[in-house]
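Student: I would like to see how this sequence folds:
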Amino acid sequence: AQQLEEARQRAAARAEEEEAQLRERAAQEAHAQEACRERAIAEAKQEAALKVDQLHKQRALEAGRYIQARRDQLRREVTLRCQPLPPLCCCGIDPLENHVDHCARNCVFYKNPLAYSRALSGLFVRPVSLD
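Tutor: Numbering: from 1, shown residues only. Below is the predicted model of the structure:
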């Protein structure tokens with residue numbers, strides 16, 4: 001009878017140990033799945049950020065091309081005029097060059113592209129924006 005009781009206790013201990021191992025495996029699998037989900041989310045966020053960055057670069061490139069084409073068009077129009085364009089400020093730089101960064105620090109157009117654009121627009125019949 002005592003041997004039977006000891007066998008039952010050993011069987012119960014083995015069953016508890018197996019249950020504990022199963023719970024531990026299940027917890028490890030759940031942790032692994034959670035880590036996999038987190039990696040997938042992080043990769044998706046990184047991919048989305050990359051797409052946004054590429055879109056910004058593409059738009060900046062297109063804007064630069066548009067501005068350059070617009071400047072070329074203005075230069076062609078100016079060459080057809082009888083008189084050349086007068087300088088917009090006393091820095092004496094060609095008005096069609098976007099020289100807001102090249103003007104002197106005491107110039108009204110220094111780092112002020114909006115004022116430069118308005119002054120340049122005043123030279124033409126229609127509004128002109130180089131930025």
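
Student: Any regions of the protein where pLDDT drops low?
Tutor: Applying pLDDT under 70 to the chain flags residues 98, 125-131.

Student: hey, where'd the helices end up in the protein?
Tutor: For the chain, the helices defined by DSSP state H occupy 2-80, 113-121.

Student: when you compare where the shortest one runs with where helix 2-80 runs, what's the angle?
Tutor: Going back to what we said before, that points to helix 113-121. Following axes from the mean of the first three to the mean of the last three Cα atoms, to 10 degrees, one obtains 30 degrees for the angle between helix 113-121 and helix 2-80.

Student: In helix 113-121, which residues are buried?
Tutor: 116-117, 120 (16 or more other Cβ atoms under 10 Å). For the C-beta atoms, the positions are set from N, CA and C on the backbone; glycine is no exception.

Student: quick one on the thing from earlier: the helices of the chain: which one's closest to residue 93?
Tutor: Nearest of the helices of the chain to residue 93, taken as Cβ to Cβ: helix 113-121 at 10.6 Å.

Student: ok now the closest one, how far from the chain's centre?
Tutor: 28 Å (Cα atoms, centre = their mean, to the nearest Å).

Student: likewise stretch 83-95?
Tutor: For stretch 83-95, the distance to the chain centre is 37 Å (Cα atoms, centre = their mean).

Student: Residue 96 is nearest to which of the helices of the chain?
Tutor: Per Cβ to Cβ, nearest to residue 96 of these: helix 2-80, 5.7 Å.

Student: Against which helices or strands is the closest one packed?
Tutor: Judged by 3 or more Cβ pairs under 8 Å, 6 or more residues apart in numbering; DSSP states H and E, helix 2-80 is in contact with no other helix or strand.

Student: coming back round to it: turn the buried residues of helix 113-121 into JSON lines, including distance to residue 10.
Tutor: Putting the buried residues of helix 113-121 into JSON lines (distance: Cβ to Cβ, whole Å) gives the following:
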{"residue": "116", "distance to residue 10": "91"}
{"residue": "117", "distance to residue 10": "90"}
{"residue": "120", "distance to residue 10": "95"}
